[in-house]
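> below is the structure, and that's it, no one-letter string:
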């Protein structure tokens, strides 16, 4: 059988297996072994490649960045730091329309620079900001949808787990990818904040529970009186508790950008700093420490197994020759390279309706990145565009992982459909943001160029 036909069948089978609910890692590894066996006609070669991939790929020093950044986020996620960030942001934003919503954006943006995982942000802020918004007469849809929507900042603002995985699969410098996502992440946070304020002014029925309040002006006095002093804290104490987090972020990201640390070294420094802050100021505690270690261990095992399987998948594609065939075919099309780009992004967006973000990344990167390189697109810029498009799927029904993370974390009676409705404005805002990053690549390539 023709090797390219075999690779095509394997690719279609992978999509079918994932849609049917088979674990993505086992699907990638198993079908890749089968594909190599069918191409070479020798089972021992397929098993040998699987063994070498398992051993050689994951012993790379660079892979240590995965557990260490996950540990950094786990230490602070299991402490009270998210609550402190939210209170701190609200203190300075409470006088503007829907100040609690904007405070959620700012706190989520800062928290994203610690965790790097959108789902973690959604789960944490569901318990931190949603109860406060509901207590101050925000609508259930907005209170939950804003948490789900703003959690997507975790995939752009470094350190991002998706950038780590993309960098390893596409063989792109992870430190440069981190810096590439910084400015787009800040722009998206600003667009989210502006969108919330405009909604509060021009469509208050969406933001507030209008059965009790008619507009943001009528709720402003109550919102301004939100209690930031639970546990006896005042703004001075709260500032002292938040400053170490900001300094840790500056140390980690500044160290990478300035060439002081490699991303792996920065992740080690960040983990140690998060541990110290969590124990001394964040109320981490022994139970939180144990939970952070267990969360990191299970999460790392899953991610590394996924990466190993994806590398195996890449090798199967290379051996079959399908990458060269597809690249030549696409290069021979008499259309603009941007037409091809938008076709791929459209397919990615549709996949986001039915697949989780990691599955999409693992399935697409080995096949699409060589084509984008051939078309002349910067792989760092394309990584930002691809990750942003994939994470729009976190808010699209029926899958919407951020939406389901919020649903699982909250204690109120609310339907998944209501949370999807509340998150739609944030999905809509992400569309012009995506076009902005595509139209002005310098927004994602300027900082990496200075490294």
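Perfect, thanks for sending it. Remember, it's a predicted structure, so these values are computed and weren't measured experimentally.
> switch to C-alpha atoms for all contacts and neighbour counts from now on
Fine.
> can you check which helix is longest in this structure?
In the chain, with assignment by DSSP state H, the single longest helix is helix 285-320.
> helix, strand or coil: sort out residue 82 for me.
Of the three states, residue 82 takes helix under DSSP: H, G, I helix; E, B strand; the rest coil.
> contacts only, for it.
76, 107, 111, 124-125, 128 (Cα atoms under 8 Å, 6 or more residues apart in numbering).
> sorry, back to before: now do the buried residues in the longest helix of the chain.
The neighbour-count check on helix 285-320 (16 or more other Cα atoms under 10 Å) flags 288-289, 292-293, 295-296, 300, 303-320 as buried.
> if we can go back for a sec, most neighbours of all the contacts of residue 82, which one?
residue 111 (31 neighbours; other Cα atoms under 10 Å).
> now residue 427: how far from residue 395?
Look at residue 427 and residue 395: by Cα to Cα, to the nearest Å, they are 6 Å apart.
> mind listing what's buried along the helix or strand containing residue 267?
Element membership of residue 267, judged by DSSP states H and E, is helix 263-280. Buried positions in helix 263-280, judged by neighbour count with 16+ other Cα under 10 Å: 263-279.
> that one packs against which elements?
Judged by 3 or more Cα pairs under 8 Å, 6 or more residues apart in numbering; DSSP states H and E, helix 263-280 is in contact with helix 65-77, helix 235-257.
> give me the contacts around it.
Helix 263-280 has contacts (Cα under 8 Å, 6+ apart) with 61-65, 68-69, 71-73, 75-76, 79, 81, 174-175, 244-245, 248-249, 252-253, 255-256, 284-285.
> in ChimeraX, select just the buried ones from these.
Typed into ChimeraX, the line below selects the buried ones among the contacts of helix 263-280, using 16+ other Cα under 10 Å:
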select :62,63,64,65,68,69,71,72,73,75,76,79,81,174,175,244,245,248,249,252,253,255,256,284
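> could the contacts of residue 82 go into JSON lines alongside distance to residue 32, secondary structure and pLDDT?
JSON lines is the format used below for these (distance: Cα to Cα, whole Å; DSSP: H, G, I helix; E, B strand; the rest coil; pLDDT from 0 to 100):
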{"residue": "76", "distance to residue 32": "38", "secondary structure": "helix", "pLDDT": "78"}
{"residue": "107", "distance to residue 32": "42", "secondary structure": "helix", "pLDDT": "86"}
{"residue": "111", "distance to residue 32": "37", "secondary structure": "helix", "pLDDT": "80"}
{"residue": "124", "distance to residue 32": "37", "secondary structure": "helix", "pLDDT": "78"}
{"residue": "125", "distance to residue 32": "39", "secondary structure": "helix", "pLDDT": "81"}
{"residue": "128", "distance to residue 32": "43", "secondary structure": "helix", "pLDDT": "81"}
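> quick check, nearest of these to residue 450?
Nearest to residue 450 out of those is residue 111 (Cα to Cα; 25.2 Å).
> wait, isn't residue 133 in contact with residue 100?
Yes. Counting by Cα atoms under 8 Å, residue 133 does reach residue 100; the two are 6.5 Å apart.
> give me the more crowded residue out of these two.
Shown here are residue 133 and residue 100; by other Cα under 10 Å, residue 100 has more neighbours (29 against 24).
> what's the average pLDDT for stretch 140-159?
Averaging pLDDT along stretch 140-159 gives 87.
> next one: stretch 40-53
Rounded to a whole number, the mean pLDDT of stretch 40-53 is 80.
> so how far is that stretch off the chain centroid?
How far stretch 40-53 lies from its chain's middle: 34 Å, per Cα atoms, centre = their mean, to the nearest Å.
> with stretch 413-428 instead?
On the basis of Cα atoms, centre = their mean, stretch 413-428 sits 18 Å off its chain's mean C-alpha point.
> pull out the buried positions in it.
For stretch 413-428, burial by neighbour count (16+ other Cα under 10 Å) applies to 416, 419-427.
> now do the helices in the stretch 101-250 of the chain.
Taking DSSP state H, counting those that start in this stretch as the criterion, the stretch 101-250 of the chain carries its helices at 118-128, 130-135, 140-150, 161-170, 174-202, 204-207, 216-224, 235-257.
> what is the mean pLDDT for the fifth one?
In this model, helix 174-202 has a mean pLDDT of 92.
> just checking, what packs against that helix?
With contacts defined as 3+ Cα pairs under 8 Å, 6+ apart, the packing partners of helix 174-202 are helix 99-115, helix 161-170, helix 204-207, helix 235-257, helix 379-392, helix 416-439, helix 442-449.
> which residues of the stretch 151-300 of the chain score low on pLDDT?
By pLDDT under 70, the low-scoring segments of the stretch 151-300 of the chain are 210-233, 282.
> can you give me how far the longest helix of the chain is from the chain middle?
Put simply, helix 285-320 sits 15 Å off its chain's centre (Cα atoms, centre = their mean).
> cool, stretch 149-157 as well?
Distance of stretch 149-157 from its chain centroid, counting by Cα atoms, centre = their mean, is 6 Å.
> straight-line length of it, end to end?
Using Cα to Cα, one end of stretch 149-157 lies 14 Å from the other.
> residue 25 reaches residue 305, doesn't it?
Yes. Assessed by Cα under 8 Å, residue 25 is found in contact with residue 305 at 6.6 Å.
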